[in-house]
Every structure is written in structure tokens, then in C-alpha cells.
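Trainee: any chance you can model this:
(one chain, ligands or ions: 1)
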Amino acid sequence: MNTVVCVSVVCHVASTHHQHTTNSRRQTTTATAHFPHSASTAHHRHAPSTEPREADSTMSSANLDRIHPSRITVLLMEKISQDAVKTFEAEGYTVKQAVKYGEDDLIEAMKGVHIIGVRSKTKLTSRVLEAADKLVAVGCFCIGTDQTDLKLAATKGIPVFNAPYANTRSVSELVIANIITLARQASDRNKEMHAGEWNKRSVGCYEVRGKTLGVVGYGHVGSQLSVLAEAMGMRVIFYDIEPKLCLGNASQVPTMEELLEVSDFVSLHVPADESTKNLMNAERIAQMKAGSYLINYARGSVVDIEAAAAALRSGHLAGAAFDVFPSEPAGHTKDWAVCLQGCPNTILTPHIGGSTEEAQASIGREVASKLIAYINHGSTLSAVNVPEVNVTRKLQPGQSRVLSFHINTPGVLRDINRILSIANISSQQLETSERIGYLVVDLEADHIEQVKSELEALDSNVRCRILFRGKGYVGPEP
Ligand SMILES: NC(=O)c1ccc[n+]([C@@H]2O[C@H](COP(=O)([O-])OP(=O)(O)OC[C@H]3O[C@@H](n4cnc5c(N)ncnc54)[C@H](O)[C@@H]3O)[C@@H](O)[C@H]2O)c1
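Mentor: Sure thing, here's the model as predicted:
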């Protein structure tokens, strides 16, 4: 947001055609055409706006948008990709970096920080979040978000963003590598060679061309894998609980049993939830074709690994690849044990499916762009803990944008709209979750400070921010 304080026209709310106010799950009313916001373009920018913002002496999070971008402070922990650093710096934000802090040091380091970026090891506990005096948003530069107290962050009006799909390609590529390695028993030959054994053989070794790959879970990874596997001449079938668009020549089968009975390779790409716990149990493994291969790059809870180990030792399965396990160590260790160790033609990897330089860079850009879209425009699209409002509307010269997180109680919109009714509303977007509502309102008003202070005085108020754009403002598009 390139910003100057605005002055604008005041009209009574009744005079606008554009406002609809119901306490519905979704409410979107806009007066102008949509435009692409900076989430997708942030990293292409090279210089922050030269347009001065009105400096604010208090720099509280609520009036973050009245300060110069260079005074927006980002703390990035745990060697987050330099792509993230560059994306924030292109926006003009000030980036600090640190590798590791204990809880007390983190609390100290977060003073004055508006955005914190973490990976899996920095725990954003209730103590840390309660003590963060200026925190506006959290970026989890990874897939998981369990390092952050999401509920508390939501009740403080702090959106949390992550990048759940940025490593999809990396996972799919490694699964392809595993399919070929299993088919050729190359992992066992490699072990033998390291032990000094030369065991040239072709018995039980196959090409993958013409073989059937059964994908369980045709989401981001499963569908990407399907495309790559077909490029190698494999036939792809998949099972998913949702009807899915089949890519290439892949086809969806109606039951998992059907998939298990005909697949040479079964590759699992479902989420970890109650429906997928031990999805591949002894009974399902027995339904797999004799001499087929099982691959789990999803989550450890999805396979009964004792049953899988038994099927590998008996020869029912010709091989397997596991990247995820029911119990995984928190960090590097040299004495890890699992029942699959020593099973024939079994590839074990330490949850590295998504671990590539490209995936880290992609995560860095994606999460940084989401944070910038929130800071600059109020967009919470793909936030994991607060209602998602996809703000794409360009704030017009002379308008201001009110961003209101509030407790979702009956009557709250009546109170908010009473306050907003002094202004001419151009657009309103509302999303609610069970507890929290998030309302984005563009209004033409020179009573904006009054609106803000009255909103903040409501019992239901969680957090209120205002984005300013001065009348006569001429600067880069948002
Ligand atoms: N090994 C790694 O490093 C790594 C990296 C990324 C993702 N993953 C894991 O891979 C899995 C897939 O990730 P994604 O990004 O493709 O997820 P996704 O949400 O895009 O796709 C999951 C698919 O599974 C389907 N599904 C859900 N329950 C099902 C069930 N009971 N039976 C059949 N289908 C079901 C869904 O409809 C969806 O199409 C997840 O468990 C994820 O955590 C692992």
C-alpha cells in the first residue's frame, strides 16, 4: 500500500446502492471491476513506493498502514529462503533474520515486530503471542502450522499463513524415482555394492512402461504424479472420495478395492485424518496384487506398518517405499528404529519428499506474498485460522478501507453498520467462522478516525485496522 492519509466525501449509507448487510456466511458487494492484487506480483517489484506515508509516532499495529514501509519490521527465523527476504525487501519492509531463539529470547526479539516468519522449530506459544506488542500477522514458511497457537492468534486478530502445496512437484518427482528404483530393485543392489557384493541379475526386475499405477488421493500431489507417470508410459487409475477431473488418460475408479486388485504400484496421497487412519491395514494390503509395490509419501498414520512389514517379508509385496512414519523424531538422530528396517526391496527416507531448494524458494515467495497481500490490502485468502476474505478490489483515491476482526455474536453487524452508516460505502466483504468474523469495508469518509475509534469501542471488537489512500493519490497500482 502506497499511502497518504485521505480526506473524502461523506454520504449517508442509505445513499449507496452497493451495500448489503446480512449476517451471512459470505457477503461480497463491490462497486468496481476486480484487479490482481500484489500477492501474485509482489516479488516482481524492485522498489518500494517513493510515496511517503504519514509517519505515526506510536506505530501500533492498528495503524500500521499509516507508516512508511521501511518501518514495517519482519523477523524471519530458521534460515527461511532468501526468496522471502527479497520479496519483503522489494516491498520496502525491513527484514531481520535469526536462526534460533529460546522462548524468552524470542519474546524479547519480537518487540516491535509486525510480521514473524517461522518454520517448524520456532514455537509461537501463547506466552510469545501474548507478549508480541506489534504483531499483525504470522507466516509459517512450511506446510504444518502446529508450531503456532492458532486459536489464540485468531482471537487476537492475527492471521496465520502457510504454503501447503508449494512442494507438490518435489514430492511427485521423488515418488517417480522410487517407482523405478523399486521396479529394478536398485536400492538393494546399492546396499549390496556398498557391502562389497556384485549381484548382477534381472529376475524380478521390470520396466515401468505399461504398468498400472494406482493413486489413492488425487489432490495436488496425486494428480501431479499421475501426469509424470503417464509420461513414462504407465497406465494411471486413481481412487478419491471426491469426483475429480482426470488428467491425461488417467481414470477414476469407484472403489479402493478395485484399485488395489489391479495396480502394480499403489501410491498413497491422502491427508491424515480419521478416515485415512490405517487406511492400508492388513486386509487392504492382502487385497493388493501379489508382487505389487506400496508407496507412502502421505502421512505415517495412513499405513499399518507392521502389516506392511509382514507382507514384505512374506513376499506378497515385492517392495515398498516409505517417507513418512507413525512416529518421527523431532530432529537429526542416529538411533532411530522402525519395523520396516531390513525388509527386502524397501526404501526408507526421512520425510524428505518435499525437501528441495526449489520447494523452499517457492514456499518463501508464496508465504511472503500472502503476508504482503494482507498487510497492504487486507486479504486473508488462504489464512489457516481466520475467515478468508479475498480482497481484490482496488482502493480508489479518496477512499479508506476498514478491516475489522470481531467476535461473531448475534447483532454484531447491526452495531458495526450503525457506526459505518455515517459514510458512503463502496464495497463490503464479510466472512465468518464459528467465533470470528472478518469484515472489509471500502468507504468514502472523512470520519474515518471516528469510525475506527467507535469500532474499537465495541465489546465485539477483536482488532481494527485502516488502510488509507489519499484523494488525488497517484502511485503504482496495488
Ligand atoms: N512426504 C512429504 O514430504 C509430503 C509433502 C507434501 C505433502 N505430503 C502429504 O501428502 C498428502 C497429500 O498431499 P496433497 O497436497 O496432495 O493433499 P490434497 O489435499 O491436495 O489432496 C488430498 C486428496 O485426498 C483425497 N482424500 C481425502 N480423504 C480420502 C480418502 N479417505 N480416500 C481417498 N481419497 C481421499 C482428497 O479428496 C484429495 O483429493 C498429505 O497427507 C500431505 O500431508 C507429504
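Trainee: strands of the stretch 251-400 of the chain, start to end?
Mentor: 251-252, 265-268, 292-296, 317-322, 346-348, 400-407 (DSSP state E, counting those that start in this stretch).
Trainee: who touches the third one?
Mentor: It stands for strand 292-296. Residues outside strand 292-296 that contact it (Cβ atoms under 8 Å, 6 or more residues apart in numbering): 175, 178-179, 182-183, 263-268, 280, 285, 288, 302-303, 308, 311, 317-324. Every C-beta, even on glycine, is put in place using the N, C-alpha and C of the backbone.
Trainee: excluding chain neighbours, what is closest to residue 275?
Mentor: Nearest residue to residue 275 in three dimensions, chain neighbours excluded: residue 241, at 7.4 Å (Cβ to Cβ, 6 or more residues apart in numbering).
Trainee: so how far is the ligand from the one you found?
Mentor: Residue 241 is 4 Å from the ligand, where distance means Cβ to the nearest ligand atom, to the nearest Å.
Trainee: can you tell me the closest non-neighbouring residue to the closest residue to the ligand within the stretch 201-350 of the chain?
Mentor: Per Cβ to the nearest ligand atom, residue 219 is where the stretch 201-350 of the chain lies closest to the ligand, at 1.7 Å. Nearest residue to residue 219, sequence neighbours excluded (Cβ to Cβ, 6+ apart): residue 269, at 6.4 Å.
Trainee: can you tell me how far the closest residue to residue 205 other than its chain neighbours sits from the ligand?
Mentor: Leaving aside its sequence neighbours, residue 205 sits nearest to residue 184 (Cβ to Cβ, 6+ apart; 4.9 Å). Distance of residue 184 to the ligand, computed by Cβ to the nearest ligand atom: 22 Å.
Trainee: rewinding a little: you'd agree the residue of the stretch 201-350 of the chain closest to the ligand is up against residue 247?
Mentor: No - assessed by Cβ atoms under 8 Å, residue 219 is found out of contact with residue 247, at 11.9 Å.
Trainee: contacts only, for residue 312.
Mentor: So residue 312 contacts 319, 320, 340, 343, 344, 345, 346 (Cβ under 8 Å, 6+ apart).
Trainee: again, but for residue 179
Mentor: 208, 213, 229, 234, 265, 267, 293, 295.
Trainee: try residue 286
Mentor: Taking Cβ under 8 Å, 6+ apart, one finds 311, 316 in contact with residue 286.
Trainee: and for the one 3 residues further on?
Mentor: Contacts for residue 289 were tallied using Cβ under 8 Å, 6+ apart; they are 260, 261, 262, 263, 264.
Trainee: tell me how the chain divides into domains.
Mentor: Using automatic domain parsing, the domain ranges for the chain come out as 4-165+359-468, 169-348.
Trainee: for the first one, give the mean pLDDT please.
Mentor: Per-residue pLDDT values across domain 4-165+359-468 average out to 79.
Trainee: return the distance of it from the chain's centre.
Mentor: 16 Å (Cα atoms, centre = their mean, to the nearest Å).
Trainee: same deal with stretch 241-253?
Mentor: Between the centre of stretch 241-253 and the centre of its chain there are 24 Å (Cα atoms, centre = their mean).
Trainee: pLDDT of it, averaged?
Mentor: Stretch 241-253 comes out with an average pLDDT of 98.
Trainee: and stretch 280-295, by the same measure?
Mentor: The pLDDT scores in stretch 280-295 average 98.
Trainee: most tightly packed of the domains of the chain?
Mentor: domain 4-165+359-468 (a mean of 19; mean count of other Cβ atoms under 10 Å).
Trainee: is there proximity between that one and the ligand?
Mentor: Yes - residues of domain 4-165+359-468 are located near the ligand by Cβ under 6 Å from any ligand atom, namely 143, 165.
Trainee: dump the contacts of residue 289 to TSV, plus pLDDT and distance to the ligand.
Mentor: Shown next, in TSV, are the contacts of residue 289 (pLDDT from 0 to 100; distance: Cβ to the nearest ligand atom, whole Å):
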residue	pLDDT	distance to the ligand
260	98	12
261	98	16
262	98	17
263	98	14
264	98	19
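Trainee: which one of the residues you listed is nearest to residue 225?
Mentor: Using Cβ to Cβ, residue 263 comes nearest to residue 225 of the contacts of residue 289, at 13.0 Å.
Trainee: for the closest one, what are its contacts?
Mentor: 212, 213, 214, 237, 288, 289, 292.
Trainee: can you check residue 239 too?
Mentor: Counting by Cβ under 8 Å, 6+ apart, residue 239 has contacts 214, 215, 216, 217, 218, 252, 253, 254, 255, 256, 258, 259.
Trainee: what about the helices in the stretch 251-400 of the chain?
Mentor: 256-262, 282-287, 305-314, 357-377 (DSSP state H, counting those that start in this stretch).
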